[in-house]
Each structure stands twice: as structure tokens, then as C-alpha cells.
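>>> the amino acid sequence is not available; the structure is as follows:
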């Protein structure tokens, strides 16, 4: 990775953390006066798809704009986008792999395409993970061979959870009406 991008990531990470969030992903696209900085944030230890509001994104965006404008990190003209990571949260750094150990992921591997797997382990002392693939094999994968990875969503479980929440809300309303 480019050293200047590494520095930018660390600067943004520290500023986002000071506001009580974690940096999930940072992408810089374009060049010159058309730079686009895409920042994804989450609350530490939140479940995917829960925790970041539009107001949170606005607050982080305003804080980053003040810094970017005063330090002229990207020049005077840039586009800053701050958003939540979404339910199919990207896994970008080693700490993400550690946090989501045991969960299913969609992973694109260098020279091997996209596959679904489960994170079995994150190896100590090495930048590698052990993935159990859907067809039953397990393999140690160096993180530098992972081109893209996101949490795999069990949409049936999401629907069950939503149904359960609706049922609880209905019961709460009914008890208020009868009480």
C-alpha cells in the first residue's frame, strides 16, 4: 500500500476513534481536483448493520472536513463521503478478521475468484487467516492474497430477527393498551 495512503488511513482512524467510532474502510479515488474520499465508520463492537446513524455520519464528516480543509491533505477541492459499513461489512484489516472469527464471509482471493468461507482462525505472528470453504476444505490464506472480503449475510436469520422484533413490539403495544 502507498505510504501516503497509509498515513491518511492512520490520521483518519485516530480522528474517527476520538469521536467514539472505528474506521471500517477508507478508499481514495481520483486525482488532482477530483479526489473522492470514502470513509466507512461503525461503533466499536456493534453488530453489523446496527449502530451508526445519519447524525453520526454527519458529525464525523464535519469533523473530518475541518481537519482536511485546515491541513489541505487532499487539496482545496475534494468529495468526502462518510457512511456506515452496511450489513455486508467489509473486512479490511487484521483486527476485523479477529473480531469476526467464526463468521461467514464472501472473499475474493488473488487468482482464485470469489468464494464463501468461514473464518476459523487468525494466525498469531503471521498476517494470515484460516478459512473453511463451503465445499468443506480449510486453508491458510495470507491476508495480502485477499483482494476483497465482506461478511456474508444469513438473510433468513435477518428475517427471523426482524419478525421477532415486530412480535415483541406488538406485544408491548398490546400490554400498554390493556394496562
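Sure thing, it's come through. Worth saying up front: this structure is predicted, and the values here are computed from it rather than measured.
>>> what's the longest helix along the chain packed up against?
Looking across the chain with DSSP state H, the single longest helix is helix 155-178. For helix 155-178, there is no helix or strand it packs on, judged by 3 or more CB pairs under 8 Å, 6 or more residues apart in numbering; DSSP states H and E. C-betas here are computed from N, CA, C, even on glycine.
>>> pLDDT of it, averaged?
Averaged across helix 155-178, the pLDDT comes to 81.
>>> list the buried residues in the worst-scoring helix or strand of the chain on mean pLDDT.
Sorting the helices and strands of the chain by mean pLDDT, DSSP states H and E puts helix 155-178 at the bottom, at a mean of 81. Residues of helix 155-178 include none that count as buried (16 or more other CB atoms under 10 Å).
>>> please begin residue numbering at 29 from this point
Will do, 29 is the new start, and the previous item becomes helix 183-206.
>>> which other residues reach it?
Applying CB atoms under 8 Å, 6 or more residues apart in numbering, the contact partners of helix 183-206 are residue 115.
>>> mind listing what the residue nearest to residue 116 when sequence neighbours are not counted touches?
Spatially, and ignoring its direct neighbours in sequence, residue 116 is nearest to residue 178 (4.5 Å; CB to CB, 6 or more residues apart in numbering). Counting by CB under 8 Å, 6+ apart, residue 178 touches 116, 117, 118, 119, 133, 134.
>>> if we go to 6 Å?
116, 118, 134 (CB atoms under 6 Å, 6 or more residues apart in numbering).
>>> next, count neighbours for the first one.
Going back to what we said before, that points to residue 116. 13 (other CB atoms under 10 Å).
>>> which SS state does it fall under?
Assigned by DSSP: H, G, I helix; E, B strand; the rest coil, the conformation of residue 116 is coil.
>>> what distance do you get for it to residue 80?
For residue 116, the distance to residue 80 equals 14 Å [CB to CB, to the nearest Å].
>>> and what of residue 59?
From residue 59 to residue 80 the distance is 29 Å (CB to CB).
>>> of the two, who's got more company?
A count of neighbours by other CB under 10 Å puts residue 80 above the other of residue 59 and residue 80, at 21 against 8.
>>> which SS class is the more buried one?
Residue 80 ends up coil, using three-state DSSP.
>>> show me the contacts for it.
69, 70, 112.
>>> phi, psi for it please.
phi -100, psi 130 (degrees, to the nearest 10).
>>> name the nearest residue to it, sequence neighbours excluded.
In space, residue 80 is closest to residue 112, 3.8 Å off (CB to CB, 6+ apart).
>>> check the burial of that neighbour by counting its neighbours.
Counted with other CB under 10 Å, residue 112 comes out at 22.
>>> so for it, what's the pLDDT?
For residue 112, pLDDT reads 92.
>>> and residue 152, by the same measure?
So, for residue 152, pLDDT stands at 88.
>>> understood, closing this out.
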